[in-house]
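Student: Here is the input, now give the coordinates:
(chains A, B and C)
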Amino acid sequence: MYALVDGNNFFVSCERVFRPDLRGLPVVVLSNNDGCAIARSNEAKALGIKMGAPWFKIRHMVDTHRLVALSSNFALYGDLSDRMMSLAAGLGPHQEIYSIDESFIDLTGVRGNLVARAHAIRARILQWVGIPCGIGMGATKTLAKLANHVAKTTERTPGSYPAHLAQVCNLAALAPVDLATVLGATAVRDVWGVGRRIGAQLEKIGITTALQLARLDPAMVRARWSVVLESTVRELQGTPCYGLDSAPARSQQVAYTRSFGQPVSNLVELQEAVTEFASRAAEKLRTQNSLASQVLVYIRTSPFRQEPQYSRSATVPLHRPSADTTVLVGAALAGLQSIYRPGFQLAKAGVMLLDLQADPQHQGELALQAGALPADRTRLMSALDGLNQRYGRGTVLLASAGLAGPQRTWTMKQELRSPGYTTCWADLPVAKA
DNA sequence: TCTGGGGTCCTAGGACCC
DNA sequence: TCTGGGGTCCTAGGACCC
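Tutor: Sure thing, here's the model as predicted:
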């Protein structure tokens, strides 16, 4: 038995905590570079704004429909997420933080009225953090996810499901006939694990609802699609295939990729960007006490533009696994040199650190093992991270990153960013008497 | 003018081995 | 003319997730 606690329109809800004037208005939060909408308020959804809608195509609604757009402010969202997660954890003995706005709770052994308990947690999160949540419960993660969808959809558009399932929905408490009704009213594409591609294939053979999917033969599904979709079918039938992952494994790769604010074609600017990206990836790598064995760097033009396309990547193996910024930047720049061709309007670049392993120095093992950084390098990296953490990102960096300034064209656009209300002293909101 | 970023898992096919 | 069977490992690409 699982619950899924999920913040409604999470990024928009975070912005509204400090901007109550935005309640009731159509609001979108934009991706990096203010490229497209990645979160939408209910009012924005009602205007027909789709997930991923390009900003330049919906911008006119600022004048015609009082649409408000904000650049993404991940420092704010991350902080409010932490607060929400710690309250959601009160629902049961184990929690898996699945994404910035969702966590699964294992309800095994929890006694009493689950729906009443969930409503209490939901009210607490709303009052203490200011974020409205939906809570779904079911025998499997897939059913909990579906229940969450029901809880939120019913709240947003009354009448889509029985009214008592709004905000908190426990599918496990429904009689079989009522469960079938709910599954029958849910589109197959709204099932967790069914995306655009498989959704289209299912619809083609007449499977349009979650109920129809749940009634397929798992063996047939495995033969025709894959073991992944088979698990989805079994989970819909109430057989758990996925357990709670409360201590996720160390990640297998670390990436830092960005679109440029403006197209870049010259090598020097690319070297600056790649230095910056590799440095940031290295920082991330050190926070999880990992070493990388390979560095991948890629550059590409914009697939949306009608102009000569270019997309290349290079993977550079390291002599020994490392988390040293200078080593990782050096490898990334060598890779860049090998794939760079002049004459293209490049839109994006990225650095990925691959083939990760645990840093033996942080495992309490002998530092002499292959893979360990020399002690002075480790101290240098710690000092670097400490200074940048204390005095702000970019306080100390490699010279090849170049200096910020108006001549720097590749940095991303964020013209509509809200203040760091909870993460920056200068931006703390002021309470007036 | 202007279209995000960061992940995971599975599968098919090739290289290679005995 | 006729050319096995079983296995591992790696990689690229596809599909999904938020």
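Student: just the strands in chain A please.
Tutor: In chain A, the strands defined using DSSP state E lie at A:2-7, A:27-30, A:37-40, A:68-71, A:94-99, A:102-106, A:133-138, A:168-170, A:254-264, A:290-301, A:311-322, A:346-354, A:357-358.
Student: now these in JSON lines, with distance to A:Pro20?
Tutor: Yep, even glycine has a C-beta here, placed from its N, CA and C like the rest. Below are the strands of chain A laid out as JSON lines (distance: least, C-beta to C-beta, whole Å):
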{"stretch": "strand A:2-7", "distance to A:Pro20": "17"}
{"stretch": "strand A:27-30", "distance to A:Pro20": "12"}
{"stretch": "strand A:37-40", "distance to A:Pro20": "18"}
{"stretch": "strand A:68-71", "distance to A:Pro20": "13"}
{"stretch": "strand A:94-99", "distance to A:Pro20": "26"}
{"stretch": "strand A:102-106", "distance to A:Pro20": "25"}
{"stretch": "strand A:133-138", "distance to A:Pro20": "18"}
{"stretch": "strand A:168-170", "distance to A:Pro20": "24"}
{"stretch": "strand A:254-264", "distance to A:Pro20": "32"}
{"stretch": "strand A:290-301", "distance to A:Pro20": "42"}
{"stretch": "strand A:311-322", "distance to A:Pro20": "45"}
{"stretch": "strand A:346-354", "distance to A:Pro20": "37"}
{"stretch": "strand A:357-358", "distance to A:Pro20": "46"}
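Student: Go through these and name the closest to A:Ile339.
Tutor: strand A:311-322 (3.9 Å; C-beta to C-beta).
Student: Just send the strands of chain A back as JSON lines, with distance to A:Thr411 and mean neighbour count too.
Tutor: Shown next, in JSON lines, are these (distance: least, C-beta to C-beta, whole Å; neighbours: other C-beta atoms under 10 Å):
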{"stretch": "strand A:2-7", "distance to A:Thr411": "30", "mean neighbour count": "28"}
{"stretch": "strand A:27-30", "distance to A:Thr411": "16", "mean neighbour count": "26"}
{"stretch": "strand A:37-40", "distance to A:Thr411": "19", "mean neighbour count": "21"}
{"stretch": "strand A:68-71", "distance to A:Thr411": "13", "mean neighbour count": "20"}
{"stretch": "strand A:94-99", "distance to A:Thr411": "27", "mean neighbour count": "17"}
{"stretch": "strand A:102-106", "distance to A:Thr411": "31", "mean neighbour count": "23"}
{"stretch": "strand A:133-138", "distance to A:Thr411": "35", "mean neighbour count": "28"}
{"stretch": "strand A:168-170", "distance to A:Thr411": "44", "mean neighbour count": "27"}
{"stretch": "strand A:254-264", "distance to A:Thr411": "6", "mean neighbour count": "18"}
{"stretch": "strand A:290-301", "distance to A:Thr411": "16", "mean neighbour count": "22"}
{"stretch": "strand A:311-322", "distance to A:Thr411": "22", "mean neighbour count": "15"}
{"stretch": "strand A:346-354", "distance to A:Thr411": "12", "mean neighbour count": "22"}
{"stretch": "strand A:357-358", "distance to A:Thr411": "32", "mean neighbour count": "14"}
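Student: Select the longest helix from chain A.
Tutor: As assigned by DSSP state H, the longest helix anywhere in chain A is helix A:267-287.
Student: Contact residues of chain A facing DNA strand C?
Tutor: Those residues of chain A that sit near DNA strand C, judged by C-beta under 7 Å from any atom of the strand, are A:98-102, A:145, A:191-199.
Student: If you rank these by neighbours, which is first?
Tutor: A:Val191 (27 neighbours; other C-beta atoms under 10 Å).
Student: Now do the contacts for that residue.
Tutor: A:142, A:146, A:210, A:213, A:232, A:236 (C-beta atoms under 8 Å, 6 or more residues apart in numbering).
Student: Could you measure from it over to A:Gln212?
Tutor: 11 Å (C-beta to C-beta, to the nearest Å).
Student: Setting aside sequence neighbours, what's the nearest residue to the residue of chain A found nearest DNA strand C?
Tutor: Nearest residue of chain A to DNA strand C (C-beta to the nearest atom of the strand) works out as A:Gly195 at 2.3 Å. Leaving aside its sequence neighbours, A:Gly195 sits nearest to A:Arg189 (C-beta to C-beta, 6 or more residues apart in numbering; 7.8 Å).
Student: Spit out the contact partners of the one you found.
Tutor: A:195-196, A:199, A:203.
Student: interface residues of the stretch 301-433 of chain A facing DNA strand B?
Tutor: Within the stretch 301-433 of chain A, the positions near DNA strand B by C-beta under 7 Å from any atom of the strand are A:302, A:304-305, A:347-348, A:350, A:352, A:412.
Student: so which pair among those residues is furthest apart in space?
Tutor: Based on C-beta to C-beta, the longest span within these runs between A:Arg305 and A:Met352 and measures 24.1 Å.
Student: between the contacts of A:Arg189, which is closest to DNA strand B?
Tutor: Relative to DNA strand B, the closest of these is A:Gly195; by C-beta to the nearest atom of the strand it sits at 10.1 Å.
Student: Can you pull the poorly scored residue ranges out of chain A?
Tutor: Along chain A, the parts satisfying pLDDT under 70 run over A:362-374, A:403-407, A:433.
Student: repeat that with 50
Tutor: In the predicted model of chain A, residues A:365-367, A:370 satisfy pLDDT under 50.
Student: Show me what from the stretch 151-300 of chain A comes close to DNA strand B.
Tutor: Checking the stretch 151-300 of chain A against DNA strand B by C-beta under 7 Å from any atom of the strand, the hits are A:226-228, A:251-259, A:263, A:284.
Student: Which one of those is nearest to A:Arg23?
Tutor: The nearest member of these to A:Arg23, counting by C-beta to C-beta, is A:Ser259 at 31.4 Å.
Student: Of the contacts of A:Val191, which is the most crowded?
Tutor: Most neighbours among these, by other C-beta under 10 Å: A:Thr142, with 28 neighbours.
Student: Just give the nearest non-adjacent residue to A:Gln95, would you?
Tutor: Closest to A:Gln95 by C-beta to C-beta, 6+ apart is A:Ala89, at 4.5 Å.
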